[in-house]
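Chemist: Task: produce atomic coordinates for the following.
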Amino acid sequence: MNDNTPPLIALSGADLHQEEHIVLRDVQLEARAGEFLYLIGRTGSGKSSLLKTLYGELPLQEGTGSVCGVDLNDLKPKKVHLLRRKLGIVFQDFELLTDRTAQANLEFVLKVTDWKDAPARDQRIHEVLEAVGLENKGYKMPHELSGGERQRLAIARALLNAPELILADEPTGNLDPQTATGILELLHGLASQGRCVFMATHDHGILHRHPGRILQCEQGRLEELTEPPSLGA
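Modeler: Numbering: from 1, shown residues only. Alright, predicted model coming up:
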């Protein structure tokens with residue numbers, strides 16, 4: 001990580017809202033390429049609101065912010081798709097298209113993001129499937145994949161447009177411990193390759209096994225912890 005590089009996430013004095021309610025106040029946050037950040041906190045503490053603000057689902061109404069060079073204060077709804085092309089987003093429930101194969105799921109994303117050259121699409125799909133260990137599973141339907149394989153496919157989808165920033169919302173929440181470990185290792189590998197990974201989780205155990213920066217939402221504030229919470233917390 002190079003502290004001289006512009007931050008991929010920069011929030012200053014940001015108040016984050018859900019409808020008329022402020023859920024996080026005066027958020028100060030910077031994150032750069034090569035960093036792995038965990039976001040923890042109780043249900044309803046503001047984790048999802050923070051992630052949604054970063055990918056443009058919720059508007060930034062107070063304070064200043066930018067994500068991958070996009071000014072959140074000036075982000076119009078019709079331009080949100082341009083921000084999301086700079087991001088990779090991974091959800092707990094995969095959000096795959098169930099009526100088409102793994103390869104077709106990825107091809108759909110490339111087509112809607114203006115990849116017009118079919119051989120280039122095929123090459124990129126091969127690259128991301130190989131990156132997540134699914135190079136021989138492109139022909140399978142989502143229901144034919146295990147939970148871990150479906151999450152790997154979701155990560156492959158997030159990598160298609162070579163984003164600098166990956167936002168992951170509870171990506172291991174529906175997985176058994178062994179499979180979750182594999183997904184964590186994959187995500188940490190992406191950070192070691194120079195991407196920034198920002199991951200929300202309820203599982204404090206992984207903070208001990210796979211270290212990273214830890215941000216906690218609590219009582220309407222975002223604070224950085226110097227060490228993981230105890231496992232009984």
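
Chemist: going forward, measure contacts between C-alpha atoms and count neighbours the same way
Modeler: OK.

Chemist: who's in contact with the spatially most central residue of the chain?
Modeler: In the chain, the centroid-proximal residue (C-alpha atoms, centre = their mean) is residue 167; its distance is 1.4 Å. With contact set as C-alpha atoms under 8 Å, 6 or more residues apart in numbering, residue 167 has these partners: 51, 87, 88, 89, 90, 197, 198, 199.

Chemist: what two of those have the greatest distance between them?
Modeler: 87 and 199 (13.1 Å; C-alpha to C-alpha).

Chemist: the more surrounded of these two?
Modeler: residue 199 (26 against 23; other C-alpha atoms under 10 Å).

Chemist: From residue 168, how far out is that one?
Modeler: 5 Å (C-alpha to C-alpha, to the nearest Å).

Chemist: ok, which stretches of the chain are helices?
Modeler: All helices of the chain, identified by DSSP state H, fall at 47-54, 80-84, 102-112, 118-131, 147-159, 177-192, 205-209.

Chemist: Check the separation of the first and last residues in stretch 39-46.
Modeler: So stretch 39-46: terminal residues 10 Å apart, C-alpha to C-alpha.

Chemist: Kindly report the same for stretch 77-96.
Modeler: 23 Å.

Chemist: Show me what counts as buried in that stretch.
Modeler: 83-94, 96 (16 or more other C-alpha atoms under 10 Å).

Chemist: and what of stretch 197-204?
Modeler: 197, 198, 199, 200, 201, 202, 204.

Chemist: same thing with stretch 202-214?
Modeler: Applying 16+ other C-alpha under 10 Å to stretch 202-214 flags 202, 204, 206, 207, 212, 213, 214 as buried.

Chemist: For that stretch, give the mean pLDDT please.
Modeler: Stretch 202-214 carries an average pLDDT of 91.

Chemist: With stretch 158-177 instead?
Modeler: Stretch 158-177 comes out at a mean pLDDT of 91.

Chemist: can you give me the offset of that stretch from its chain's centre?
Modeler: 5 Å (C-alpha atoms, centre = their mean, to the nearest Å).

Chemist: and it, how far apart are its ends?
Modeler: OK, stretch 158-177 end separation, C-alpha to C-alpha: 22 Å.

Chemist: Pull out the buried residues from it.
Modeler: 158-173, 175.

Chemist: repeat for stretch 188-199
Modeler: 188, 190, 191, 192, 194, 195, 196, 197, 198, 199.

Chemist: Quickly check those for the two that are furthest apart.
Modeler: Greatest spacing in the buried residues of stretch 188-199, by C-alpha to C-alpha: 194 and 199 (15.6 Å).

Chemist: how does the chain divide into domains?
Modeler: When the chain is parsed with automatic domain parsing, its domains come out as 1-86+163-225, 96-162.

Chemist: Dump the ones you listed to CSV, plus distance to residue 231.
Modeler: Output for the domains of the chain, formatted as CSV (distance: least, C-alpha to C-alpha, whole Å):
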stretch, distance to residue 231
domain 1-86+163-225, 6
domain 96-162, 24
